[in-house]
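Chemist: Give me a model of this one.
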Amino acid sequence: MNVRGLSVALGIGFPAAALLAVAGVPAGALLGATAAVAAAAFAGLGPVVPDPLRNLAFGIIGLSLGAGISSDIMDDIARWPVSLLGLALTIVLTMALTGRLLVRRFGFQPDTAALSVSPGALSYAVVLAGQGRGDLRSVVVLQSMRLLLVTLCLPPAIAALAGVPASGPGAAGGAGPLALLPTLVLILAGMACGWALERAGSPAAYLLAGLAVSGLAHALGWVQGFLPGPVVFFGFVVTGAVIGSRFTRIARSDLKVLAAAGLAVTTVSVALSALGALCVAWLTGLAFPVVWVAFAPGGVEGMAAIGLALGYDPAFIATHHIFRIIAVIALLPLALRLAGR
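Modeler: This next block holds a predicted model:
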């Protein structure tokens, strides 16, 4: 294990997260850790988050989301097919327009553009690039920039539009924080299920497992309450550190060349997600900020953490981001075939 890299990630991430959280910044713990660790990566300090710690943090985010699932979920699900269809159309439009932008404006090869603009399933896009489809360096940089920019910019935009709910995330039925024993049991069960889902090839395995375990336990009345604040804070910080540390192995020369393309593509992607969310909110009566977080082209764990921090419907947001990953995985082979013509 890279002890030095881990020390850099946590030693910088925790104080920055605490500073923004105390200052009352929306999703401050996540944003503070993400920005600080990304800055450390840009500076060549080499922050690293090992996979077991990353999986634990993602599992904690999932468990926290599950605690917020209410008995009204079946009524809400009736409106989800419209929003899922809207999300699918938004994904197709985003990939088509931003891919064309990279090819026409920035001179990218079509296959590199297709892999670089897929709004989700970063690991899948990188694997395809590593197998000889497109330029791996460009795909990694542009995908990483998308995750970083969306994570840093979306919460302030949402807060400016709608404000942050006075109630904290995951206040399950007015219950308080869970005691130590049920907290440990939930974490262990979530991690075991996450391991099984990962072995089965599930996307966002640990987050999805945590959501399922916690949601089921609360629905059946086995537990009542939410994870203690320090545990959730830990999950936010490590998740932010994971996002920020993606820039550790990216050369500054690559960033200079690709920064303009990444900024342009991310801006268009976020704008299209907002447009799609606005249409769905108008059709369904769902709140626009909630739909926008569900549609935003960030990483599933980061967007789930943002939704949790803002107190939005956890099942709605998690379901849509899992759907987005599956849709992108299904669409990318077709996009590459079209790019090869």
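Chemist: what's the neighbour count on Phe42?
Modeler: By the criterion of other CB atoms under 10 Å, Phe42 has 14 neighbours. The way it works is simple: take the backbone N, C-alpha and C, and place the C-beta from them, glycine included.
Chemist: Over to Leu220?
Modeler: The burial metric for Leu220, expressed as a neighbour count using other CB under 10 Å, is 8.
Chemist: measure it to Val213 for me?
Modeler: 11 Å (CB to CB, to the nearest Å).
Chemist: now Leu93
Modeler: Leu93 sits 35 Å away from Val213, taking CB to CB as the criterion.
Chemist: Would you mind telling me which of those two has the busier surroundings?
Modeler: It is Val213, of Leu93 and Val213, that has more neighbours when counted by other CB under 10 Å, with 24 against 15.
Chemist: May I have the residues that are in contact with the more buried one?
Modeler: Residues counted as contacts of Val213 (CB atoms under 8 Å, 6 or more residues apart in numbering) are 62-63, 66, 186, 189-190, 193.
Chemist: where exactly do the helices run in the stretch 51-200 of the chain?
Modeler: Shown for the stretch 51-200 of the chain, the helices assigned by DSSP state H, counting those that start in this stretch span residues 51-66, 73-77, 80-106, 110-116, 122-130, 136-162, 180-199.
Chemist: For Leu56, grab the count of nearby residues.
Modeler: With other CB under 10 Å as criterion, Leu56 counts 20.
Chemist: Met191 is in contact with that one, correct?
Modeler: Yes - Leu56 sits in contact with Met191 when judged by CB atoms under 8 Å, with a separation of 6.7 Å.
Chemist: overlap in contacts of those two?
Modeler: By the contact definition CB under 8 Å, 6+ apart, Leu56 and Met191 are jointly contacted by Tyr206.
Chemist: dump the residue contacts of Ala16.
Modeler: 32-33, 35-37.
Chemist: same question, Gly210
Modeler: Neighbours of Gly210 in contact, by CB under 8 Å, 6+ apart: 58-66, 190, 193-194.
Chemist: With Leu97 instead?
Modeler: With the criterion set at CB under 8 Å, 6+ apart, Leu97 makes contact with 268, 272.
Chemist: for the stretch 101-250 of the chain, what are the low-confidence residue spans?
Modeler: Judged by pLDDT under 70, the stretch 101-250 of the chain has its weakly predicted residues at 121-124, 126-127, 130-132, 162-175, 203.
Chemist: Kindly recompute the last result at 80.
Modeler: 120-134, 136-137, 140, 159-175, 202-204, 219-220, 246-250 (pLDDT under 80).
Chemist: which element follows the helix or strand hosting Ala260 toward the C-terminus?
Modeler: Taking DSSP states H and E as the definition, Ala260 sits inside helix 252-284. On the C-terminal side of helix 252-284, the nearest following helix or strand under DSSP H and E is helix 288-295.
Chemist: which strands and helices sit next to that next one?
Modeler: Helix 288-295 makes packing contacts with helix 80-106, helix 136-162, helix 252-284, helix 300-310, helix 314-339 when contacts are defined by 3 or more CB pairs under 8 Å, 6 or more residues apart in numbering; DSSP states H and E.
Chemist: Quick check: which of those is nearest to Gly244?
Modeler: Comparing those against Gly244 with CB to CB, the closest turns out to be helix 136-162 (7.2 Å).
Chemist: quick one: buried residues of that closest one?
Modeler: For helix 136-162, the neighbour count (16 or more other CB atoms under 10 Å) marks 136-155, 158 as buried.
Chemist: Among the contacts of Val213, which one has the most neighbours?
Modeler: Using other CB under 10 Å as the neighbour criterion, Leu63 leads the contacts of Val213 with 32 neighbours.
Chemist: surely it meets Ser214?
Modeler: Yes - with contact defined as CB under 8 Å, Leu63 reaches Ser214; the gap is 4.3 Å.
Chemist: what residues are shared contacts of the two?
Modeler: Here Leu63 and Ser214 have 186, 190 as joint contacts, going by CB under 8 Å, 6+ apart.
Chemist: Count the residues that sit near Leu115.
Modeler: Per other CB under 10 Å, the neighbour tally for Leu115 reads 32.
Chemist: which residues does it contact?
Modeler: Contacts here follow CB under 8 Å, 6+ apart; on that basis Leu115 touches 125, 128-129, 133-134, 139, 332, 336.
Chemist: Turn the residues you listed into TSV, including distance to Arg105.
Modeler: Converted to TSV, the contacts of Leu115 look like this (distance: CB to CB, whole Å):
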residue	distance to Arg105
Ala125	20
Leu128	23
Ala129	21
Arg133	21
Gly134	17
Val139	17
Leu332	22
Leu336	20
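Chemist: and which of those residues is nearest Ala88?
Modeler: Checking these against Ala88 by CB to CB gives Leu332 as the nearest, at 14.0 Å.
Chemist: What does the closest residue to that closest one other than its chain neighbours show for phi and psi?
Modeler: Spatially, and ignoring its direct neighbours in sequence, Leu332 is nearest to Ser118 (5.6 Å; CB to CB, 6 or more residues apart in numbering). Backbone dihedrals for Ser118, given as degrees, to the nearest 10, come out at phi -70, psi 120.
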